[in-house]
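Novice: when you get a sec, could you give me coordinates for this:
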Amino acid sequence: MLIAISDPDDPRIEAYRALRERDLLGRQHRFIAEGEVVLRVLLRQQPRFEAESLLLGEGRVESLDDALHLLPPEVPVYVANRQVMDAIVGFPIHRGILAVAKRPALPPVDVLLDSLPETALVVGMAGLANHDNVGGIFRNAAAFGANAVLLDRETCDPLYRKAIRVSVGGALVVPFTRAPSADALVQALEEASFEVIALSPSGAETLSRVQPSRRTALLLGAEGPGLPPGLLARTRTVSIPMSGGFDSLNVATTSGIALHHLTQGQ
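Specialist: Predicted structure coming up:
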């Protein structure tokens with residue numbers, strides 16, 4: 001259903017208007033996917049994620065022909081020229097590809113963990129408020145085959161437009177849910193027989209000496225404050241040694257190194 005849009009005030013594309021402001025205010029159980037790579041991932045994740053509509057620049061339709069055939073026939077695909085599309089979203093949208101999709105309901109933590117195989121790798125995030133880092137961690141989780149991601153209440157939204165883009169769609173691939181708190185997140189992992197490995201510059205062991213358990217959870221905290229002392233006290237703490245003791249790795253990079261190590265041991 002290719003529908004030409006020539007008026008930026010057309011009510012049919014209301015969901016795409018003033019994109020950045022709407023990102024901050026929220027979209028009532030919906031999210032925005034941006035860019036060709038992310039759109040293709042989104043369409044492969046149906047029916048878990050359902051696209052409600054697409055907004056494409058005129059020059060992007062032909063290259064997406066194969067992907068558009070994955071859409072249910074009732075999903076509208078709006079097409080606009082560059083000037084109209086920029087006016088709709090409120091800034092130059094260089095990628096020229098946007099989609100609105102529904103958020104699925106998040107399962108309870110115990111239900112998600114119970115659904116995992118006997119041998120599983122989970123990533124936990126506590127207090128990560130940076131969308132780039134959250135997107136980068138989801139990208140690594142997808143790349144190394146993590147079975148799920150758990151977030152505490154303080155961690156930012158992985159379905160925020162920028163987080164999805166940085167994750168190159170990884171946030172749409174790896175199942176995730178939220179726990180009421182970081183303590184509840186760790187408790188749920190312990191009750192599901194996961195060994196929780198907490199990454200910290202002050203870790204008691206070095207990563208190179210860690211062998212993954214049958215069920216392993218990698219716990220990550222925010223750069224700067226790190227994980228709370230109470231969580232470190234109840235988990236296995238691990239560090240990544242760096243030259244001259246300089247703590248130069250950001251948390252997304254750290255997650256990639258740790259996930260690579262843990263998956264090589266499986």
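
Novice: so what secondary structure elements neighbour the helix or strand hosting Ala99?
Specialist: Using DSSP states H and E, Ala99 maps to strand 97-102. Based on contacts counted as 3 or more C-beta pairs under 8 Å, 6 or more residues apart in numbering; DSSP states H and E, the elements that strand 97-102 packs against are strand 30-34, helix 36-44, strand 51-57. The way it works is simple: take the backbone N, C-alpha and C, and place the C-beta from them, glycine included.

Novice: now do the buried residues in the longest one.
Specialist: It refers to helix 36-44. Val38, Leu39, Arg40, Val41, Leu42, Leu43 (16 or more other C-beta atoms under 10 Å).

Novice: do stretch 45-58 as well
Specialist: Gln45, Phe49, Glu50, Ala51, Ser53, Leu54, Leu55, Leu56, Gly57.

Novice: okay if I get those as TSV plus pLDDT and distance to Leu199?
Specialist: Output for these, formatted as TSV (pLDDT from 0 to 100; distance: C-beta to C-beta, whole Å):
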residue	pLDDT	distance to Leu199
Gln45	95	29
Phe49	95	30
Glu50	95	35
Ala51	96	36
Ser53	97	40
Leu54	98	39
Leu55	97	40
Leu56	97	41
Gly57	96	41
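
Novice: the stretch 101-250 of the chain: helices as residue ranges?
Specialist: 109-114, 131-143, 161-166, 170-173, 182-191, 229-233 (DSSP state H, counting those that start in this stretch).

Novice: separation between Leu227 and Ala182?
Specialist: For Leu227, the distance to Ala182 equals 8 Å [C-beta to C-beta, to the nearest Å].

Novice: overlap in contacts, the two.
Specialist: Ala126, Gly127 (C-beta atoms under 8 Å, 6 or more residues apart in numbering).

Novice: returning to what we had before: pipe the helices of the stretch 101-250 of the chain into CSV and attach mean pLDDT per row.
Specialist: Formatted as CSV, the helices of the stretch 101-250 of the chain follow (pLDDT from 0 to 100):
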stretch, mean pLDDT
helix 109-114, 98
helix 131-143, 97
helix 161-166, 95
helix 170-173, 98
helix 182-191, 97
helix 229-233, 94
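
Novice: out of the ones you listed, flag the one nearest Pro73.
Specialist: With C-beta to C-beta, the closest approach to Pro73 among those belongs to helix 170-173: 22.1 Å.

Novice: low-scoring pLDDT stretches of the stretch 1-150 of the chain, where are they?
Specialist: In the predicted model of the stretch 1-150 of the chain, residues 24-26 satisfy pLDDT under 70.

Novice: hmm, 80 instead?
Specialist: The stretch 1-150 of the chain contains residues with pLDDT under 80 at 1, 21-28.

Novice: now do the contacts for Thr33.
Specialist: Wrong residue type there; residue 33 is Ala, not Thr. Counted by C-beta under 8 Å, 6+ apart, Ala33 has contacts Leu39, Leu42, Ala51, Leu98, Ala99, Ala101, Arg161, Ile164, Leu172.

Novice: who's the residue nearest to the second one when sequence neighbours are not counted bridged to?
Specialist: The one in question is Leu42. By the measure of C-beta to C-beta, 6 or more residues apart in numbering, the closest residue to Leu42 outside its immediate chain neighbours is Ala33, 4.8 Å from it. For Ala33, the beta-bridge partners under DSSP bridges are Ala99.

Novice: contact partners of stretch 85-96?
Specialist: 5, 8, 13, 16-21, 34-36, 55-57, 59-60, 80, 82, 98.

Novice: and the end-to-end length of that stretch?
Specialist: 8 Å (C-alpha to C-alpha, to the nearest Å).

Novice: and stretch 17-32, by the same measure?
Specialist: Counting by C-alpha to C-alpha, you get 11 Å between the two ends of stretch 17-32.

Novice: what residues of that stretch count as buried?
Specialist: Result for stretch 17-32 [16+ other C-beta under 10 Å]: buried residues Arg17, Leu19, Arg22, Asp23, Arg27, Phe31, Ile32.
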